[in-house]
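Asker: Predicted model and sequence follow; I will ask about them next.
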Number of protein chains: 2
Amino acid sequence: MSADRLSWKDVRDRIRDQILQRAYAPGDKLPRDADIAQEFGCARSTVQRAMQDLSDSGLIERKRKGGTHVRADPVTRATLDIPITRLEVEETGSVYGYQLIDRQVLPVPREIAAKLEQVEAKSMLRVQALHLADHKPHILEDRWVSIETAPEILDVDLSRESANEWLVRNKPYTRFDLRIYAIAADAQTARMLAAEPGDALLVIDRTTWVGADPITTVRSITIPGYQLLTKS
Amino acid sequence: MSADRLSWKDVRDRIRDQILQRAYAPGDKLPRDADIAQEFGCARSTVQRAMQDLSDSGLIERKRKGGTHVRADPVTRATLDIPITRLEVEETGSVYGYQLIDRQVLPVPREIAAKLEQVEAKSMLRVQALHLADHKPHILEDRWVSIETAPEILDVDLSRESANEWLVRNKPYTRFDLRIYAIAADAQTARMLAAEPGDALLVIDRTTWVGADPITTVRSITIPGYQLLTKS
DNA sequence: TCCTTGAATATGTAGCTACATAAAGCTAAT
DNA sequence: ATTAGCTTTATGTAGCTACATATTCAAGGA
């Protein structure tokens, strides 16, 4: 980037600095984009891009005609990336392993249908599997897959390829729901994860849809000590 | 928006649909922006904005000269908003309450200094407090605040205003670290949260800096059953 | 006083041009 | 062969203009 022109990131950083240094306090109104552009000697479109970025990151709020204000109640906004489990394991330098525990077509319990936002509960494919890191348990997944939306899953050899990987590669979704919580390990879960019953385990529930059609819902139970990290 | 022109969101949606419908499979190369623009009858800048958005959301990857490819290993990318605890409680329609448990200037334990990426461990302000929802415990926070970076905190009446709220309003940060994990409640924590010892609790650790200077690190322990939700 | 209506205004978006930059690929010299 | 540079090319960015859209604000009428 040439030094004689301001990039929108430069503009963003300068505005952010002004806010951090309290030139503008929470709730304060910032000048119009056009005025800032003139002050900085750049085009309004450059200021616009900078402002959009600050708005996306939660620092300011913009409204047509209302102008731009520093958010009174800033939020901490982070990005959470959940990759394919195999990649997550391999990125730490560990050897990835995978083990199918069970695979059955079963009638769908009510709470699973509710998660999928389905009224009528048909049969779905239930897959339980274990992801391993360095030959030790890492994540236990309990999954239901819609055989209406993803009938091809029935032909996949799930003892070789994980449903996680197959779905992510073959059934892109348009919408998803993520929730994260903690549970205490019951006897069976503890056994499968090589943990102690009563251990606190982080759980990640994920449900995906294409349009209004449900694809899958998974409950991923992690081993004791597992941490979710975010990118800022 | 006028119907006779394509907005960049229209373009984005059409490209996304093409990818979802497997016109382009994972790993495939998409046409150049200019060609897509011509095909759609819009400007390259419009395609550029659409592509940027798809790139941000993790569906495609772009490289100068290399072109645009559908990501071979899609990630689930979610946005996590962590508001001020008071607002989080009030948004559910509950009555917010706050209770200071302890406030002391103490030498910093090694593991806290490490979290803050500090070598020399000076004294910091330690604040323990309880956030209440409808007069019942909601989140227990255990916080260390740097009195070098935020000396004003010593003059704040933390029995009235939570350190959470004061800091977020008065000490904006430039960088933060978030980690989420599960712990089993020990006797003391259980008592303060009105939980049972051994209950699995979701914990959110957050550390913030301005530049290289640490501001604060908090461990927020939630009540049993607490769920973190994300926006897609 | 209240409500409707219309004007004013700040941000949002689309299109165009020109140039910057990174990376891939080619060429030529060693 | 191997490498050092040069060229090509697709994306990235800045500037400009024109217009769209959402709100606010003020004026006017019941």
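Answerer: Nice, thanks for sending it over. Worth saying up front: this structure is predicted, and the values here are computed from it rather than measured.

Asker: Every contact and neighbour count from this point should use C-alpha atoms.
Answerer: OK.

Asker: how about the strands in chain A?
Answerer: Using DSSP state E, the strands of chain A run over residues A:29-30, A:60-63, A:67-70, A:76-82, A:96-107, A:123-133, A:136-146, A:175-184, A:200-210, A:213-222, A:228-229.

Asker: Skip the chain neighbours and tell me the closest residue to A:Tyr98.
Answerer: Nearest non-adjacent residue to A:Tyr98, counting by CA to CA, 6 or more residues apart in numbering or on different chains: A:His131, 4.7 Å away.

Asker: And the pLDDT at that neighbour?
Answerer: At A:His131, the pLDDT value in this model is 98.

Asker: List the contacts of A:Arg44.
Answerer: Going by CA atoms under 8 Å, 6 or more residues apart in numbering or on different chains, A:Arg44 touches A:Asp33, A:Ala34, A:Ile36, A:Ala37.

Asker: ok, what's across the strand from A:Val127?
Answerer: A:Arg103, A:Arg143 (DSSP bridges).

Asker: can you list the contacts of A:Arg44 in JSON lines and add neighbour count and pLDDT?
Answerer: Shown next, in JSON lines, are the contacts of A:Arg44 (neighbours: other CA atoms under 10 Å in any protein chain shown; pLDDT from 0 to 100):
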{"residue": "A:Asp33", "neighbour count": "19", "pLDDT": "96"}
{"residue": "A:Ala34", "neighbour count": "15", "pLDDT": "96"}
{"residue": "A:Ile36", "neighbour count": "18", "pLDDT": "96"}
{"residue": "A:Ala37", "neighbour count": "18", "pLDDT": "96"}
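
Asker: ok, A:Pro109 touching A:Ala121?
Answerer: Yes - between A:Pro109 and A:Ala121 there is a contact under CA atoms under 8 Å: 7.4 Å.

Asker: And these two? Which one has more around it.
Answerer: A:Ala121 (16 against 12; other CA atoms under 10 Å in any protein chain shown).

Asker: Surely the residue nearest to A:Tyr98 is in contact with A:Thr85?
Answerer: Yes - assessed by CA under 8 Å, A:His131 is found in contact with A:Thr85 at 7.4 Å.

Asker: between these two, which one's more packed in?
Answerer: A:His131 (23 against 19).

Asker: show me what contacts the more buried one?
Answerer: Each residue near A:His131 by CA under 8 Å, 6+ apart is listed here: A:Thr85, A:Arg86, A:Tyr96, A:Gly97, A:Tyr98, A:Gln99, A:Pro137, A:His138, A:Ile139, A:Leu140, A:Glu141.

Asker: So for A:Thr169, what's the pLDDT?
Answerer: Quick fix: residue A:169 reads Arg, not Thr. pLDDT at A:Arg169 comes out at 85.

Asker: Next up, the contacts around it.
Answerer: Neighbours of A:Arg169 in contact, by CA under 8 Å, 6+ apart: B:Pro26, B:Ala72, B:Asp73, B:Pro74.

Asker: Just the buried residues out of these, in PyMOL syntax.
Answerer: PyMOL command restricting the contacts of A:Arg169 to the buried ones, with burial defined by 16 or more other CA atoms under 10 Å in any protein chain shown:
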select buried, chain B and resi 26+73+74
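
Asker: Spatially, which two of the contacts of A:His131 are the most separated?
Answerer: Spatially, the most separated pair among the contacts of A:His131 is A:Tyr96 and A:Glu141, at 14.9 Å (CA to CA).

Asker: who's more crowded, the two?
Answerer: Per other CA under 10 Å, whichever of A:Tyr96 and A:Glu141 has more neighbours is A:Glu141, with 23 against 19.

Asker: For the closest residue in space to the more buried one that isn't next to it in sequence, grab the count of nearby residues.
Answerer: Closest residue to A:Glu141 apart from its sequence neighbours, by CA to CA, 6+ apart: A:Ser220 at 4.4 Å. Neighbour count of A:Ser220, defined by other CA under 10 Å: 22.

Asker: so what's in contact with A:Pro109 and A:Ala121 at the same time?
Answerer: Shared contacts of A:Pro109 and A:Ala121 (CA under 8 Å, 6+ apart): none.

Asker: pLDDT wise, what is whichever residue of chain A sits closest to DNA strand D at?
Answerer: Proximity of chain A to DNA strand D (CA to the nearest atom of the strand) peaks at A:Ser7, 2.0 Å away. A:Ser7 carries a pLDDT value of 90.

Asker: separation between the closest residue to it other than its chain neighbours and chain B?
Answerer: Excluding the flanking residues, the one nearest A:Ser7 by CA to CA, 6+ apart is A:Thr46, at 7.1 Å. Noted for A:Thr46: a distance of 14 Å to chain B, by CA to the nearest CA, to the nearest Å.

Asker: Hmm, A:Thr46 is touching A:Trp8, no?
Answerer: Yes - counting by CA under 8 Å, A:Thr46 touches A:Trp8, with 5.1 Å between them.

Asker: Low-confidence regions, chain A specifically.
Answerer: Residues of chain A meeting the criterion pLDDT under 70: A:1-4.

Asker: residues from chain A in reach of DNA strand C?
Answerer: Counting by CA under 7 Å from any atom of the strand, chain A comes close to DNA strand C at A:1-2, A:30-34, A:45, A:48, A:51-52, A:62-68.

Asker: Any of the residues you listed buried? List them.
Answerer: Applying 16+ other CA under 10 Å to these flags A:Leu30, A:Asp33, A:Gln48, A:Met51, A:Gln52, A:Arg62, A:Thr68 as buried.

Asker: Let me see the domain layout of chain A.
Answerer: Structural domains annotated on chain A: A:8-70, A:85-222, as defined by automatic domain parsing.

Asker: Now distance to B:Met192 too, for those, in JSON lines please.
Answerer: Below are the domains of chain A laid out as JSON lines (distance: least, CA to CA, whole Å):
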{"stretch": "domain A:8-70", "distance to B:Met192": "32"}
{"stretch": "domain A:85-222", "distance to B:Met192": "18"}
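
Asker: picking that back up, out of the strands of chain A, nearest to B:Thr207?
Answerer: strand A:76-82 (11.0 Å).

Asker: May I see the buried residues of stretch A:10-17?
Answerer: Of all the residues in stretch A:10-17, those buried under the rule 16+ other CA under 10 Å are A:Val11, A:Arg12, A:Ile15, A:Arg16.
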